[in-house]
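K.L.:
Sharing a sequence plus its predicted fold:
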Amino acid sequence: MPETGYVSSHTEHGITTIEFFHPKSNSLPLKMLDELTQEIHYAGNHDTRVVILKSAGDNAFCAGASFDELSAIKNEKEGQNFFQGFANVINAMRKCNKFIIGRIQGKCVGGGVGLAAAVDYAIAINKTEIKLSELSIGIGPFVVGPAIERKIGTSAFSQLAIDATLWRNADWAKKKGLFAEVHETVQNMDESVYRLANSLAHSSPEAIAEMKKMFWKGTENWDALLNERAAISGKLILNDFSKNAIEKFKLKIK
Amino acid sequence: MPETGYVSSHTEHGITTIEFFHPKSNSLPLKMLDELTQEIHYAGNHDTRVVILKSAGDNAFCAGASFDELSAIKNEKEGQNFFQGFANVINAMRKCNKFIIGRIQGKCVGGGVGLAAAVDYAIAINKTEIKLSELSIGIGPFVVGPAIERKIGTSAFSQLAIDATLWRNADWAKKKGLFAEVHETVQNMDESVYRLANSLAHSSPEAIAEMKKMFWKGTENWDALLNERAAISGKLILNDFSKNAIEKFKLKIK
Amino acid sequence: MPETGYVSSHTEHGITTIEFFHPKSNSLPLKMLDELTQEIHYAGNHDTRVVILKSAGDNAFCAGASFDELSAIKNEKEGQNFFQGFANVINAMRKCNKFIIGRIQGKCVGGGVGLAAAVDYAIAINKTEIKLSELSIGIGPFVVGPAIERKIGTSAFSQLAIDATLWRNADWAKKKGLFAEVHETVQNMDESVYRLANSLAHSSPEAIAEMKKMFWKGTENWDALLNERAAISGKLILNDFSKNAIEKFKLKIK
């Protein structure tokens, strides 16, 4: 297991698979967020037909922001800069003119729920649980909020964000629209991911590009909106409330 | 049991509990609507962390508008004035910079569904049923519509309002997003209300204020919108259709 | 069974029933789309209280666009013209100041899902399945998209449109909000349709007209929007991808 994480990408038969990994439950430092943004941007502008977003390992899909980086933030500018990393990934996903299929093999927390929400079609396994824990560390799901609300609506988004300590299961996530499919085994999930990817790789790219535009209509202001949201999180994370919560949380993990 | 209703409020450990009661199934005359507005407004501007909205008794959460006052409306101005009472409560709830938890222990009808929808997090008991009966008395759920549609979407709101005689159960309301949780006993419901209230009372007020703004983004025009809606209801209630329906209904209750 | 289809309409006790039929699974050529538009427009402007939209036969509610006409399209203008037919029906339904109840007795495909979504209250039978198969013939559900997204949300609409070969059952459609009710027998479905139609025929027309406006608020730009969408479909249908897919499909049917 590598000490630090990685983002990799490879394309075969018109299908680009972007994979990320970080030893701390696939949590994301800024460097990896930037690499994800680049890979998604690249896939959107090169000769591929469909994108699969997945993470390595079989425990967590993505635990959200890197706690080490969160706890090292010293001023508002650094704070906004870090959260902007998530904003950039989400904006790259919505602007990509191909469909992005998410393979969700495990827990999604905070920003990880945001990534799962920003894909066009999420296929998950039934043991997956999700949580928006931001409020318990003194911030909120501001940057990923628009992507989550777009997928599951204002009510489910509020529920998830207000009760920040409660895990919701895959069935809840499917009912609310976050996951399109939930499977009982990794094998079934993977078969479904590749069946759909293969079908889309053989579909009309022009039709897909127009459909992508249609599905994301109304989000044209997200470059600015997610920037503003990153500034809110970047400011709140400097609060004593937040500082204390992060230190406590880091001790608990050790 | 008092002849007339009351609205009470008390704050303890950062939790403000606002309770209303009216002997006629917790239906609301204008005076009580105004008191609710004031109490919610007060909680938003004073030293408390979270609000619980509940009603007394164990039968109905809220039966909507007071029939006695509805039937006494004599002109459009009086009509708009009365329905404006509901508009003011909903606008106070959305503007309150704290989260409002709804404790829904029984039936919600008409405006009562509106109050349950305007809280940020509704915790109900499984015997609760809901109905938007406005059309059966010749009006429509105009003032409470935006709050209900925001929570359960256009489709479920239409279903509820068009089939105005059908009770929907707590499970339906949970699936559609009106209730965040549904419990089997009053004790479980109350434990859940207090667990969440306590957790929010110990969360960052700055983060909560920003989240509240985020959840209600896009409703900035509701002061004007709900005013217009109150005028529509205030006009329709003067129709012969409406007058006859209310008289019939009052006879049936007696 | 007639060689060509028909659209019929009759009004009784304030209830206008509009029925369409086409021997090819109730698929719709432009002529029938225009007749549907006219009948809905007429019902909205004449002395009736409520509209029931149904199709004849007990197999498919509506298989969408006529394949014969799709395959005969020779240039962009003809293409836009054809898809505009669906745009006109949907715009007539949203502007009609009466409620439209849909009786959905069988499969809905493509544009057929659009019609089921554009009614105000859809009552279906449990064997009904739905599919948005547009992408598999190189186009997309552009014209009917806004009506479907309004009813079932962005997430469910995306799921349905991206996985274009998958049938979703009546239970899925009900959970997502496309159908208000799902019944086990034709008789129960019909009883429910007539119970609701009868109730609405005896409700206040003024209140219904205001409620219809409220439910469709925010769609005022659909005349223009659906026009633009018809142009997109009209262009994509001329692609080699689309031409080949339609020819293959026609061979398969024969």
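P.N.:
All right, it came through fine.

K.L.:
Can you name the next helix or strand after the helix or strand harbouring A:Thr17?
P.N.:
For A:Thr17, the element it lies in under DSSP states H and E is strand A:15-21. If you walk from strand A:15-21 toward the C-terminus, the next helix or strand you reach (DSSP H and E) is helix A:30-45.

K.L.:
pLDDT on that next one, on average?
P.N.:
Helix A:30-45 carries an average pLDDT of 97.

K.L.:
mind listing what's buried in that helix?
P.N.:
For helix A:30-45, a neighbour-count test (16 or more other C-beta atoms under 10 Å in any protein chain shown) marks A:30, A:32-37, A:39-44 as buried. For the C-beta atoms, the positions are set from N, CA and C on the backbone; glycine is no exception.

K.L.:
Name the SS class of A:Glu247, please.
P.N.:
Following DSSP: H, G, I helix; E, B strand; the rest coil, the label given to A:Glu247 is helix.

K.L.:
That one against A:Ala72, yeah?
P.N.:
No - contact criterion C-beta atoms under 8 Å: A:Glu247 and A:Ala72 do not qualify, at 11.9 Å.

K.L.:
Can you say which helix or strand has the residue in the stretch 101-250 of chain A positioned nearest to chain B in it?
P.N.:
Residue nearest to chain B within the stretch 101-250 of chain A: A:Ser155 (3.3 Å; C-beta to the nearest C-beta). In this assignment (DSSP H and E), A:Ser155 forms part of helix A:145-162.

K.L.:
A:Ile101: what's it in contact with?
P.N.:
For A:Ile101, the contacting residues are A:50-53, A:119-123, A:193, A:196-197, A:200, by C-beta atoms under 8 Å, 6 or more residues apart in numbering or on different chains.

K.L.:
Helices along the stretch 1-150 of chain A, start to end?
P.N.:
For the stretch 1-150 of chain A, the helices defined by DSSP state H, counting those that start in this stretch cover A:30-45, A:67-72, A:76-95, A:111-118, A:145-162.

K.L.:
tell me the most buried of the ones you listed?
P.N.:
Stretch with highest mean neighbour count among those: helix A:111-118 (a mean of 28; mean count of other C-beta atoms under 10 Å in any protein chain shown).

K.L.:
Give me the distance from that helix to the chain's centre.
P.N.:
A distance of 3 Å separates the centroid of the chain from that of helix A:111-118, by C-alpha atoms, centre = their mean, to the nearest Å.

K.L.:
Likewise for stretch A:226-235?
P.N.:
The answer for stretch A:226-235 is 17 Å, by C-alpha atoms, centre = their mean.

K.L.:
Return the residues in contact with A:Asn26.
P.N.:
Counting by C-beta under 8 Å, 6+ apart, A:Asn26 touches A:Gly5, A:Phe20, A:Ser55, A:Ala56, A:Gly57, A:Ala60, A:Phe61, A:Cys62, A:Ala63, A:Gly112.

K.L.:
For chain B, state which of the residues you listed is nearest.
P.N.:
Chain B lies nearest to A:Gly112 out of the contacts of A:Asn26, by C-beta to the nearest C-beta, at 18.6 Å.

K.L.:
separation between the closest one and C:Ala161?
P.N.:
To C:Ala161, A:Gly112 is 26 Å away according to C-beta to C-beta, to the nearest Å.

K.L.:
I'd guessed A:Asp190 sits against A:Arg103; true?
P.N.:
Yes - A:Asp190 is within contact range of A:Arg103, at 7.3 Å (criterion: C-beta under 8 Å).

K.L.:
Could you check which of those two is surrounded by more residues?
P.N.:
A:Arg103 (24 against 16; other C-beta atoms under 10 Å in any protein chain shown).

K.L.:
So what's the residue count around A:Lys24?
P.N.:
15.

K.L.:
Quick check: it touching A:Ser66?
P.N.:
Yes - contact criterion C-beta under 8 Å: A:Lys24 and A:Ser66 qualify, at 7.0 Å.

K.L.:
and stretch A:23-30, C-alpha only, in PDB?
P.N.:
Only the C-alpha atoms of stretch A:23-30 are listed here, as PDB (Å, rounded to 0.1, in the frame of the first residue of the first chain):
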ATOM      1  CA  PRO A  23      -4.400   5.100   2.300                       C
ATOM      2  CA  LYS A  24      -6.600   7.100   4.600                       C
ATOM      3  CA  SER A  25     -10.000   5.700   3.500                       C
ATOM      4  CA  ASN A  26      -9.700   7.400   0.100                       C
ATOM      5  CA  SER A  27      -9.800  10.800   1.600                       C
ATOM      6  CA  LEU A  28      -8.600  13.500  -0.700                       C
ATOM      7  CA  PRO A  29      -5.800  16.000  -0.300                       C
ATOM      8  CA  LEU A  30      -5.700  19.000  -2.600                       C
END
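
K.L.:
quick one on the thing from earlier: contacts only, for the residue of the stretch 101-250 of chain A closest to chain B.
P.N.:
Counted by C-beta under 8 Å, 6+ apart, A:Ser155 has contacts B:Arg150, B:Lys151, B:Ile152, B:Gly177, B:Leu178, B:Ala180.

K.L.:
switch the cut-off to 10 Å
P.N.:
By C-beta atoms under 10 Å, 6 or more residues apart in numbering or on different chains, the contact list for A:Ser155 reads A:149, A:176, B:117, B:120-122, B:150-153, B:176-180, B:215.

K.L.:
swap in A:Asn45?
P.N.:
With contact taken as C-beta under 10 Å, 6+ apart, A:Asn45 is in contact with A:Cys96, A:Asn97, A:Lys98.

K.L.:
Quick check: of those residues, which has the highest neighbour count?
P.N.:
A:Lys98 (24 neighbours).

K.L.:
contacting residues around the residue in the stretch 1-150 of chain A positioned nearest to chain C?
P.N.:
Going by C-beta to the nearest C-beta, chain C is nearest to A:Tyr121 of the stretch 1-150 of chain A, at 5.1 Å. Residues counted as contacts of A:Tyr121 (C-beta under 10 Å, 6+ apart) are A:50, A:99-102, A:179-181, A:192-193, A:196-197, A:200, C:155, C:158-159, C:161-163.

K.L.:
Bridged to it, which residues?
P.N.:
A:Ile101 (DSSP bridges).

K.L.:
And the pLDDT at it?
P.N.:
pLDDT for A:Tyr121: 98.

K.L.:
what's the helix or strand of chain A with the lowest mean pLDDT packed up against?
P.N.:
Ranked by mean pLDDT, DSSP states H and E, the weakest helix or strand in chain A is helix A:240-253, scoring a mean of 84. For helix A:240-253, the contact count by 3 or more C-beta pairs under 10 Å, 6 or more residues apart in numbering or on different chains; DSSP states H and E identifies helix A:67-72, helix A:222-236, helix B:205-215 as packing neighbours.

K.L.:
So which of these is nearest A:Gly14?
P.N.:
Nearest to A:Gly14 among the helices and strands packed on helix A:240-253 is helix A:222-236; the distance by C-beta to C-beta comes to 27.6 Å.

K.L.:
show me what contacts the residue of chain A most remote from its centre?
P.N.:
Computed with C-alpha atoms, centre = their mean, the residue of chain A farthest from its C-alpha average is A:Asp240, at 27.3 Å. By C-beta under 10 Å, 6+ apart, the contact set of A:Asp240 is A:Gly138, B:Ser204.

K.L.:
From C:Ala245, how far off is it?
P.N.:
A:Asp240 is 62 Å from C:Ala245, where distance means C-beta to C-beta.

K.L.:
centroid residue for chain A?
P.N.:
Taking C-alpha atoms, centre = their mean, chain A has its central residue at A:Leu115, 1.3 Å away.

K.L.:
So for that one, what pLDDT did the model give?
P.N.:
98.

K.L.:
Who's the closest spatial neighbour of it, skipping the chain neighbours?
P.N.:
A:Cys62 (5.6 Å; C-beta to C-beta, 6 or more residues apart in numbering or on different chains).

K.L.:
residues in contact with the one you found?
P.N.:
When contacts are counted by C-beta under 10 Å, 6+ apart, A:Cys62 touches A:20, A:22, A:25-28, A:53, A:55, A:104, A:106-116.

K.L.:
I appreciate the help and will end here.
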